[in-house]
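S.K.: A structural model of the following input is requested.
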Amino acid sequence: MKSIEQQDIQAVHRVRASLISERCAKANQLRGLAYEYGLVAPREIAALRVAVPAWLEDASNGLTVRLRALLSGLYADLRALDERVRELDKEIRAIGGENEAVGRVQQIRGIGPLIASALVAMIGDARQFKNGRHVAVALGLTPRQHSSGSKERILGISKHQPATTGVYAYMRHPQYVGFIAIMFGFLLQWPTILTLVMFPLLVWMYVRLAHAEEHEALREFGRAYEHYAAVTPRWIPHVLGHHHPTTHPGS
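M.R.: So this is what the prediction gives:
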């Protein structure tokens, strides 16, 4: 049974998570509209905050008055959400200074007020749990399973988020692009009948695997993967301009 104070802290975290989700959706809406008019938006929200005012001030980018008004309104919404998240971040820091339990958890190296307050809100003094395994289950830190029939396959603990950083920020299937590039190199270096036959077959196989993985990712991650796929190419990376706006004016 949670105390009133725990419920208050958990309410702060839930509202903050909802605002961050709204902010992500607003940023993706801005990126989508800009992309339709030939403006490549950066993936990082911090860079997007810089890019939008630059677009609005640039009279030569072809944006209509109506679209500029729409982008300006969306940008105002984004800034308002930023301010609301900052207010709740300040509230969480205040909780870290006022709540004794949160303060003790913060003494652990690498844990700040955000994680400490979330842990206290979720598990309290932990007396209701029989062991550490029960705590892990309550926090969702359980291994993923991919089992069928009598064969069980236990996977690693996942954050339940699609991979969108690093090389995945430039294309959705870098591993298959790498395999295809290697096979193409073999084909150029050893142009035999076998390599000529195998190359298109393997390319077809990797393309099918990529499509199957995308369908599975859509089922598992939903809108998060839809937003990622909308701004990230499947095969050919945005080598220039994907992370930075063309005007050269996250969190």
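S.K.: can you give me the strands for this protein?
M.R.: With strands called from DSSP state E, the chain shows them at 143-145, 154-157.
S.K.: worst average pLDDT in these?
M.R.: Of all these, the minimum mean pLDDT falls on strand 154-157 (a mean of 52).
S.K.: Now for the protein, the helix or strand with the poorest mean pLDDT.
M.R.: The weakest-scoring helix or strand in the chain, judged by mean pLDDT, DSSP states H and E, is strand 154-157 (a mean of 52).
S.K.: residue boundaries of the helices in the stretch 101-250 of the chain?
M.R.: Counting by DSSP state H, counting those that start in this stretch, the stretch 101-250 of the chain has helices at residues 113-123, 132-139, 174-189, 193-221, 223-231.
S.K.: winner for burial among those?
M.R.: helix 113-123 (a mean of 21; mean count of other C-beta atoms under 10 Å). For the C-beta atoms, the positions are set from N, CA and C on the backbone; glycine is no exception.
S.K.: Now do it, average pLDDT.
M.R.: For helix 113-123, the mean pLDDT works out to 86.
S.K.: Which other helices and strands does that helix contact?
M.R.: helix 4-36, helix 65-98, helix 100-106, helix 132-139 (3 or more C-beta pairs under 8 Å, 6 or more residues apart in numbering; DSSP states H and E).
S.K.: Buried ones in the third one, by neighbour count?
M.R.: If I follow you right, that is helix 100-106. In terms of neighbour count (16 or more other C-beta atoms under 10 Å), helix 100-106 has its buried residues at A101, V102, G103, V105, Q106.
S.K.: ok, now the first one?
M.R.: Buried residues in helix 4-36, counted by 16+ other C-beta under 10 Å: 5-6, 9-10, 12-13, 16, 19-20, 22-23, 26-31, 33-34.
S.K.: got the phi/psi numbers for G38?
M.R.: Torsion angles at G38 (phi, psi; degrees, to the nearest 10) stand at phi 80, psi 10.
S.K.: Surely it and L67 touch.
M.R.: No - taking C-beta atoms under 8 Å as the definition, G38 is not a contact partner of L67, at 11.7 Å.
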